[in-house]
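A.B. asks: My questions concern the predicted model and sequence given below.
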Amino acid sequence: MTAAALRDDAVAALRRIAFLLERAQASGYRSEAFRAAASSVERTAPDRVVALAKAGALTDLPSVGARTAEVVSLVVRGKPVEYLERLEAEAAAGEAPEPAVAALRERLRGDLHAHSEASDGATPIQEMVLAALDLGHEYLAITDHSPRLTVANGLSAPRLRAQLEQVAALNRAVAPFTVLTGIECDILDDGALDQDPDLLDELDVVVASVHSKLRMDSRSMTERMVAAVRNPRTDVLGHCTGRRLTGRQRPQSEFDARRVFEECAEHGVAVEINCRPDRLDPPHDLLAVAVEVGCLFSIDTDAHAPGQLDWLTAGCERAAQHAIDPERVITTWPVERLRERSHR
C-alpha cells in the first residue's frame with residue numbers, strides 16, 4: 001500500500017472514531033481531539049507520516065497526542081485498531097428498529113437543521129457534509145444561529161452572506177449532493193425573525209425557534225409563535241417547547257399547542273421532530289395534536305457535530321409511534337420539491 005493510502009486510511013480511522021464518539025454523546029473534548037489529529041495528519045506529507053509512525057514520533061505533529069498517535073501507528077503497520085473496533089461494536093449493539101421505523105428512516109433524504117463552527121457547532125461545514133455523504137443523505141441544510149443568540153456566536157448579516165458564498169463553492173465540489181443554505185432564526189419577543197428579511201428570502205431553509213424568555217406566559221408565547229409561523233419566510237418551527245431532558249434540564253414552554261399547530265398547518269410550516277436526545281421535541285402529547293390538525297413534519301437532528309447527524313432514527317421512532325404518513329415528512333422529499341415550497 002502506498003504512503004498516501006496509508007495516511008488517508010489513518011485519517012479516515014481518526015474521523016470515524018470522532019464520529020462514533022459524537023454519535024454516542026461522549027465528551028466533546030474527546031471527539032475534538034481525534035478530529036484535530038485527523039486534520040493535522042491530513043495536512044502532512046504521506047511519506048513523513050509513515051516515517052514518523054515507524055520512528056514512534058507521531059506526537060511531533062501538531063494536535064497529535066499519545067492516543068491519536070497510536071491509532072495512526074496501528075493503521076500504518078496494518079494492525080487492527082481495537083479502540084475503533086470497540087466503538088463500532090458498541091454502536092451496533094442497539095436493538096434493530098421496528099420495521100415501520102426502519103422503513104421511514106430509509107425514506108429520509110436529508111436533514112434541515114444542523115450547525116457548523118460558524119456558530120456553536122464543533123466543525124467546519126465541510127466536515128458536516130462529509131458525514132452526511134457517508135450516511136447516504138442527498139442534502140443537508142446548514143442552519144447556524146442568528147445574531148441575537150450571542151452565546152452561540154450567531155451570524156450577523158455579513159457573516160451569513162460570507163457563508164452563502166462558501167456553500168455555493170462547496171456545492172460545486174460535492175454535486176449531486178446539495179448543501180442547502182439556511183439559518184436557525186431566533187423568534188424575537190414580538191414574533192419577528194432575527195435577521196434581515198431580504199437575506200432570509202435568499203435562503204433555502206429558515207428554521208424559526210424560540211431561545212429566550214422560555215418561561216413567558218402561555219398567552220404571550222402563543223402570540224409570539226403564531227406571528228413567527230405566519231411569517232412567509234418561516235419553513236420549519238424548531239424544537240417548539242424548548243425543553244431539555246438531560247444535563248441542565250429545562251421544562252417545556254407553555255403555549256396553546258392546538259392554535260400554534262393549526263397555524264402551522266394553514267401556512268405550510270413544518271413542525272420539527274427534533275432528534276437530539278436531550279430534546280426529543282415535541283413531547284408525545286403535543287405531537288399527537290400536530291398530527292391531528294394536519295401538520296407537515298421535518299425530522300431533524302439539530303446536529304452540532306458530524307456524528308450527531310446519525311440521530312435521525314430517534315425521530316423516526318417518534319413519528320412511527322404516531323403513524324405519521326411519510327409523505328407528511330418533508331425530509332423524505334427530493335431537494336427540488338423542498339425548494340419549490342420554500343417561503344411559500
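C.D. replies: That came through fine.
A.B. asks: all strands of the stretch 1-150 of the chain, in order?
C.D. replies: 110-111, 139-142 (DSSP state E, counting those that start in this stretch).
A.B. asks: what's the neighbour count on the closest residue to Asp47 other than its chain neighbours?
C.D. replies: Of all residues not flanking Asp47 in the chain, Ala3 sits nearest, at 4.9 Å (CB to CB, 6 or more residues apart in numbering). All C-beta atoms are positioned from the backbone trio N, CA, C, and that covers glycine. Neighbours of Ala3 under the rule other CB atoms under 10 Å: 16.
A.B. asks: And for Ser27?
C.D. replies: Using other CB under 10 Å, Ser27 has 9 other residues around it.
A.B. asks: can you list the weak-confidence ranges in the stretch 201-344 of the chain?
C.D. replies: Within the stretch 201-344 of the chain, the stretches with pLDDT under 70 are 343-344.
A.B. asks: ditto for the stretch 51-200 of the chain
C.D. replies: Judged against pLDDT under 70, the stretch 51-200 of the chain has no low-scoring part.
A.B. asks: Try it again at 80.
C.D. replies: Scanning the stretch 51-200 of the chain for pLDDT under 80 picks out 94-95.
A.B. asks: any chance you could map the helices in it?
C.D. replies: According to DSSP state H, counting those that start in this stretch, the stretch 51-200 of the chain carries its helices in the segments 66-76, 82-92, 99-107, 125-134, 157-174, 197-200.
A.B. asks: Can I get these in a markdown table including mean neighbour count and distance to Ala114?
C.D. replies: Formatted as a markdown table, the helices of the stretch 51-200 of the chain follow (neighbours: other CB atoms under 10 Å; distance: least, CB to CB, whole Å):
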| stretch | mean neighbour count | distance to Ala114 |
| --- | --- | --- |
| helix 66-76 | 20 | 25 |
| helix 82-92 | 13 | 20 |
| helix 99-107 | 15 | 17 |
| helix 125-134 | 20 | 6 |
| helix 157-174 | 14 | 12 |
| helix 197-200 | 15 | 18 |
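A.B. asks: leaving aside the residues next to it on the chain, what's closest to Thr332?
C.D. replies: Arg107 (4.5 Å).
A.B. asks: One more: Arg161?
C.D. replies: Leaving out its chain neighbours, the residue that sits closest to Arg161 by CB to CB, 6+ apart is Leu199, at 7.0 Å.
A.B. asks: quick one: that neighbour from Met128, how far?
C.D. replies: 21 Å (CB to CB, to the nearest Å).
A.B. asks: How about Gln195?
C.D. replies: Where Met128 is concerned, Gln195 sits at a distance of 21 Å (CB to CB).
A.B. asks: Ala12 is in contact with Glu42, correct?
C.D. replies: No: between Glu42 and Ala12 there is no contact under CB atoms under 8 Å: 9.8 Å.
A.B. asks: Show me what secondary structure element comes after the helix or strand containing Ala208.
C.D. replies: Under the criterion of DSSP states H and E, Ala208 resides in strand 205-209. Using DSSP H and E, the helix or strand that follows strand 205-209 in sequence is helix 218-230.
A.B. asks: Each with direction, which strands does the helix or strand following that following helix pair with?
C.D. replies: Toward the C-terminal end, the helix or strand that comes next after helix 218-230 (DSSP H and E) is strand 236-237. Here strand 236-237 has these sheet partners by DSSP bridges: strand 205-209 (parallel), strand 270-274 (parallel).
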